[in-house]
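Asks: I need the structure of the sequence given here:
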Amino acid sequence: MSTKTLMLAVALGASLALARPAHAGQAAGNGAAPKELTALDYFQIQQLVAKYAKFIDTCSNNGYDYADLYTPDGMFAADRNGKILPGAQGREALAAISGGGSRGCKNVGWIKQGVRHLYVNHVITPTAEGATGSVDMLMIGLGGDPNKIEHDGYYEDTYVKTPQGWRFKQRVHHSTMAPGGQPAPAAQPAPAAPAGTSTQH
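Replies: Reported below is the predicted structural model:
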């Protein structure tokens, strides 16, 4: 290699090193850099969200398929007009909130209507602990009309990788509709309340 070529290579390497900040991509607040996600990680997280829609629309395995998408201490909660409603935490509570468990998949409103949930515009962001996500929710079939589609806010997710695969650590639904498929009434945002059992998905 000639001296000129060697000097050019060294200069190029230095410029590339300077172009990347020393702490690029650090997680906000704790200073820890996000873990790098593989293509398989992204795919598996997307499959987690797809399974969520399938399991909640069918109440499969009496709601426990849905509940098992969460970590053992995982939590679901809903936000209406800036207020976090009481949520569900733990396998039994999550199975029940999806219509199964102690409810036995009987008289589940969205299933009786023939509603199907669709999740779109899924954005996944690596974090030091795993990943977070944001995804819009669409519902088809409200009121028994198979051609009716509504947008009902979005989810904010926290995902962690477990020995069983990727799971929800937390899922918060920021709803724009009231129960029954009506637009949520306008209201001033209220302070967040502690999580405990909601029926909005």
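Asks: which neighbouring elements make contact with the helix or strand residue 76 falls within?
Replies: Counting by DSSP states H and E, the element that carries residue 76 is strand 70-80. Packing contacts for strand 70-80, counted by 3 or more Cβ pairs under 8 Å, 6 or more residues apart in numbering; DSSP states H and E, involve strand 88-89, helix 91-97, strand 165-175. (C-beta placed from N, C-alpha, C; glycine too.)
Asks: how about the ones you listed, which one is nearest residue 56?
Replies: Distances from residue 56 to each of those were compared using Cβ to Cβ; the shortest belongs to helix 91-97, at 9.4 Å.
Asks: next helix or strand past the strand holding residue 76?
Replies: Scanning the chain past strand 70-80 towards its C-terminal end, the next helix or strand to appear is strand 83-84 (assignment: DSSP H and E).
Asks: on that earlier part again, format the CA atom coordinates belonging to the strand holding residue 76 as PDB.
Replies: Extracted in PDB, the C-alpha atoms of strand 70-80 (Å, rounded to 0.1, in the frame of the first residue of the first chain):
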ATOM      1  CA  TYR A  70     -47.500 -10.600  29.000                       C
ATOM      2  CA  THR A  71     -44.700 -11.200  31.500                       C
ATOM      3  CA  PRO A  72     -46.000 -12.700  34.800                       C
ATOM      4  CA  ASP A  73     -46.100  -9.200  36.300                       C
ATOM      5  CA  GLY A  74     -47.200  -7.600  33.000                       C
ATOM      6  CA  MET A  75     -50.000  -4.900  33.000                       C
ATOM      7  CA  PHE A  76     -52.600  -3.600  30.600                       C
ATOM      8  CA  ALA A  77     -54.300  -0.200  31.200                       C
ATOM      9  CA  ALA A  78     -56.400   2.300  29.300                       C
ATOM     10  CA  ASP A  79     -56.100   6.000  29.100                       C
ATOM     11  CA  ARG A  80     -59.200   8.100  28.400                       C
END
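Asks: in its sheet, which strands sit next to that strand, and in what direction?
Replies: Taking DSSP bridges as the criterion, strand 70-80 forms sheet pairs with strand 83-84 (antiparallel), strand 88-89 (antiparallel), strand 165-175 (parallel).
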